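S.K.: Kindly return the folded structure for what I paste below:
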Amino acid sequence: MYCVTIRFYEELNDFLPPERRKRDFAFEFSGRRSIKDLIESLGVPHVEIDLILVNGESVGFDRIVADGDRISVYPVFETLDIGNVTRLRPGPLRDPRFVLDVHLRKLARHLRLLGFDVDWLPDRDDDTLAEIAERDGRILLSRDRQLMMRKIVARGLYVRNTDPEKQVEEVLDRLHLRDACRPFTRCVECNGLMEPLDTDAPGFDAAAAIPPGVLAWCREYYRCGECGRIYWKGSHYDKLKKRVEGMLNGG
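M.R.: The predicted structure follows:
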């Protein structure tokens, strides 16, 4: 049998039962284990971790745990410079491109509304999601803790909230992405980039593509470069603008 003393910091405590939060606790186990296996056996996904200290020394996930080790586990750092220790996330850490699991459709639309590159489709299994995250270097967002523990997933965030707008605020706050928001620059339907549309361009039939009532008063249009969907600043835009302002201002 092995016995170690371990402590988790900040939001990593969300994954622990109350009696283990924000304190040192002893943990016993049998057999040889890596630090990654040990931590995830306690319910904490490795993608949420950026620094592990064993007996005061920074280590990687492959470190084999020894009897009597004192282990400190820290979440992803956003503002603290820890460049001289062993970071566990590949760089750059915060490339705000995402892939979302099938249950986060509304969050995907909200993030696209804010201008983020979000890969989402309604029929992907966990294997596919993990492969996309690894292949494309995307941050995986999910409420499936087991999915976040897959070894090939290097960057991810377990989404705590269930309300879509609170989920957006959570992602923006935890990843410090408010300054990276570029509202109304992506299509919420397909994730394509928006571009100005010249309705007088040769070959474009404005009367066929735009409702007559809109064409009579609106002079500014945008079109998705991928799916061709056309957008304009009507009453729906005003509602979306208020929603964006609410998300960016924390409600």
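S.K.: residues near the nearest residue to L177 once chain neighbours are set aside, how many?
M.R.: Sequence neighbours aside, P96 is the residue nearest to L177 in space, at 5.4 Å (criterion: CB to CB, 6 or more residues apart in numbering). Where C-beta positions appear, they are placed from N, C-alpha and C, glycine not excepted. The tally of other residues near P96 (other CB atoms under 10 Å) stands at 19.
S.K.: How about the closest residue in space to L12 that isn't next to it in sequence: which residues does it bridge to?
M.R.: Distance criterion CB to CB, 6+ apart; nearest residue to L12, sequence neighbours excluded, is P75 at 5.1 Å. With DSSP bridges as the criterion, P75 is bridged to I49.
S.K.: got a list of what P75 touches?
M.R.: With contact taken as CB atoms under 8 Å, 6 or more residues apart in numbering, P75 is in contact with 9-12, 48-50.
S.K.: now do E226
M.R.: 187, 190-193.
S.K.: switch the cut-off to 6 Å
M.R.: Listed by CB atoms under 6 Å, 6 or more residues apart in numbering, the contact set of E226 reads 190, 192.
S.K.: what secondary structure does it sit in?
M.R.: coil (DSSP: H, G, I helix; E, B strand; the rest coil).
S.K.: Would you quantify the distance from the residue nearest to L177 to A206?
M.R.: For P96, the distance to A206 (CB to CB, to the nearest Å) stands at 35 Å.
S.K.: Quick one: low-confidence residue ranges for the protein.
M.R.: 77-95, 251 (pLDDT under 70).
S.K.: now V54: how far from R32?
M.R.: Separation of V54 from R32 (CB to CB): 15 Å.
S.K.: Same question for G246.
M.R.: Going from G246 to R32 by CB to CB gives 51 Å.
S.K.: So those two - more neighbours on which side?
M.R.: Taking other CB under 10 Å, G246 and R32 do not tie; G246 has more neighbours (13 against 10).
S.K.: just checking, the more buried one is part of a strand?
M.R.: No - under three-state DSSP, G246 sits outside any strand and is assigned helix.
S.K.: Contacts only, for it.
M.R.: Per CB under 6 Å, 6+ apart, neighbours of G246: none.
S.K.: Repeat that for R97.
M.R.: Applying CB under 6 Å, 6+ apart to R97 gives the contacts 117, 138.
S.K.: Now with 7 Å, please.
M.R.: Applying CB atoms under 7 Å, 6 or more residues apart in numbering to R97 gives the contacts 117, 138-139.
S.K.: go on, I132?
M.R.: 99, 119, 138.
S.K.: re the thing from before, would you format the contacts of P75 as JSON lines with distance to D126 and neighbour count included?
M.R.: Below are those laid out as JSON lines (distance: CB to CB, whole Å; neighbours: other CB atoms under 10 Å):
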{"residue": "Y9", "distance to D126": "28", "neighbour count": "13"}
{"residue": "E10", "distance to D126": "27", "neighbour count": "13"}
{"residue": "E11", "distance to D126": "23", "neighbour count": "13"}
{"residue": "L12", "distance to D126": "22", "neighbour count": "22"}
{"residue": "E48", "distance to D126": "17", "neighbour count": "24"}
{"residue": "I49", "distance to D126": "20", "neighbour count": "22"}
{"residue": "D50", "distance to D126": "24", "neighbour count": "19"}
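S.K.: Would you format these as TSV with distance to L240 included?
M.R.: Compiled in TSV, those are given as follows (distance: CB to CB, whole Å):
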residue	distance to L240
Y9	38
E10	34
E11	30
L12	35
E48	31
I49	36
D50	35
